[in-house]
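> Structure of the sequence below:
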Amino acid sequence: MLQNSLPPEQLQSIASQFSGTGTVTSVSPFGSGNINDTFLVNVAGGKFQRFVLQRINTQVFRQPHLVMQNMRAFSEHVQSNNGLHPTRRWEVPEVLSAQDGSDSYIENELFWRSISFIEGSQTFDTVQSLEHAREAGFGLGLFHRSVADLSTDKMADTLPGFHITPNYLQEFLTAQETKIIPKSPEVTHCLKFIADRQEWATVLEDAKAAGKLPLRTIHGDPKINNFLIDNTTNHCISLIDLDTVKPGLVHYDIGDCLRSGCNPLGEETADWQAVHFEPELGQAMLQGYLESASAFLIDRDYDYIYDCMRLIAFELGIRFFTDYLNGSVYFKTQYPEHNLSRALVQFRLAESIESQENTINKIIQDVR
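Numbering: from 1, shown residues only. Model (predicted):
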């Protein structure tokens, strides 16, 4: 991880590129993201007392300037939509300019950017209550409403192939053919799990190709720890981590939100066999989502909610397992079997969703 490889004085120098007239007093690691390196910067004086500094992983985001272009387009569009929900606090992270007025700072081929820190809020790696689940759903719905009229023509595809499950399946098949497959009961389980389910990996892409589901601007990564919860009201006040805002299907977002929010043990648990999808959390999350998003959904959107829930869990499991076979070159890991453990969690979650298909479809029918 880069966070441990740069001396403090160099990090402070980089942070000072975004501090305006303020003086950087400290820079410390922040958050638990798997892709970028993130720091919280404290500043004396200037416009912001704190802001978030990130080193963009250019092995993942190969055109980081397009990421910033999308963030600017999104931010400006949402800022013009004031009054989206006048009775609630809702904030959008602000892109901070570097000393030269640009959206980024490049040093030794490392790409850095900064965004404002939203005060008085916190994030959680797992859902804390039914109300928390409902608020996350409401926040995702509010996000989708805020960009419902943002043309996908204005948004660059910053991650070609992202959330295209058949592509991830093909990457796995390539790894399976070209890599030495470790031998263990867990690996055998993953191989069989994928083989048994690969036929329906195209369900969302088929619906898109048939014109049943429209392309919209989406968040791309609305896992539960990207929702900011107000410390006082417990309301969701923002959806952060905007690197993946791009054209896509809202079902990718709905499925990812439900996948991450309705697994009480979280995706980093070592007890993968105890992982389960909690339908009560799913119901609360969908109720919150539809309260703020139902106005722009079409009838066919509801027909694919169950499919997207199990598919995104399956897809992420494939991605973790493929990265494990490839030597963990994409996701950050803490130990050699980390991505294998993550894959087992997602596959168990997908299996739990499948076992509750009737219950979940009843919930979807009740809330639509």
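> List the residues that contact residue 189.
Residue 189 makes contacts with 344, 347, as judged by C-beta atoms under 8 Å, 6 or more residues apart in numbering. Where you see a C-beta, it was placed from the backbone N, CA and C, and this is true even at glycine.
> Could you check which helix or strand contains it?
Take DSSP states H and E as the rule and residue 189 turns out to sit in helix 185-197.
> in that helix, what counts as buried?
Within helix 185-197, the residues that count as buried by 16 or more other C-beta atoms under 10 Å are 186-187, 190, 193-194, 197.
> Mind putting the residues you listed into CSV with pLDDT and distance to residue 124?
As requested, the buried residues of helix 185-197 are exported to CSV (pLDDT from 0 to 100; distance: C-beta to C-beta, whole Å):
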residue, pLDDT, distance to residue 124
186, 98, 28
187, 98, 31
190, 98, 28
193, 98, 28
194, 98, 30
197, 97, 30
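> and which of the residues you listed is nearest residue 67?
In terms of C-beta to C-beta, no member of the buried residues of helix 185-197 lies closer to residue 67 than residue 194, at 30.2 Å.
> quick one on the thing from earlier: can you name the next helix or strand after the helix holding residue 189?
Next element after helix 185-197 (DSSP H and E): helix 203-209.
> what's the helix or strand following that next one in contact with?
Using DSSP H and E, the helix or strand that follows helix 203-209 towards the C-terminus is strand 216-218. Identification of contacts with strand 216-218 by C-beta under 8 Å, 6+ apart yields 74, 144, 147-148, 150-152, 155, 245-250, 252-253.
> Could you do stretch 204-215 as well?
152, 164-166, 247-249, 251-252, 298, 300-301, 303-304, 307-308, 311.
> Could you give the separation between the terminal residues of it?
Taking C-alpha to C-alpha, to the nearest Å, stretch 204-215 runs 11 Å from one end to the other.
> And stretch 267-275, by the same measure?
So stretch 267-275: terminal residues 9 Å apart, C-alpha to C-alpha.
> Which parts of that stretch count as buried, going by neighbours?
Here stretch 267-275 shows 267, 269, 272, 275 as buried, counting by 16+ other C-beta under 10 Å.
> quick one: low-confidence ranges for this structure?
1-4, 80-85 (pLDDT under 70).
> all helices of it, in order?
8-16, 64-79, 130-146, 165-178, 185-197, 203-209, 250-261, 279-293, 299-303, 305-325, 338-355, 357-367 (DSSP state H).
> Extract the C-alpha set from the shortest one and format it as CSV.
Written as CSV, here are the backbone C-alpha positions of helix 299-303 (Å, rounded to 0.1, in the frame of the first residue of the first chain):
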residue,chain,number,x,y,z
ASP,A,299,-42.4,-1.0,-14.6
ARG,A,300,-39.7,-3.2,-16.0
ASP,A,301,-37.2,-1.9,-13.5
TYR,A,302,-39.0,-3.8,-10.8
ASP,A,303,-38.9,-7.0,-12.8
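> which residues are in contact with that helix?
207, 212-213, 250-251, 364, 368.
> Equivalent analysis for stretch 120-131, please.
31-32, 132-133, 136, 224-232, 234, 237-238, 240, 261-266, 268, 280-281, 284.
> Now the buried members of the residues you listed.
31, 132-133, 136, 224-230, 237-238, 240, 261-263, 265, 281, 284.
> and these, which of them are in strands?
Among these, the residues falling in strands (DSSP state E) are 227-230, 237-238.
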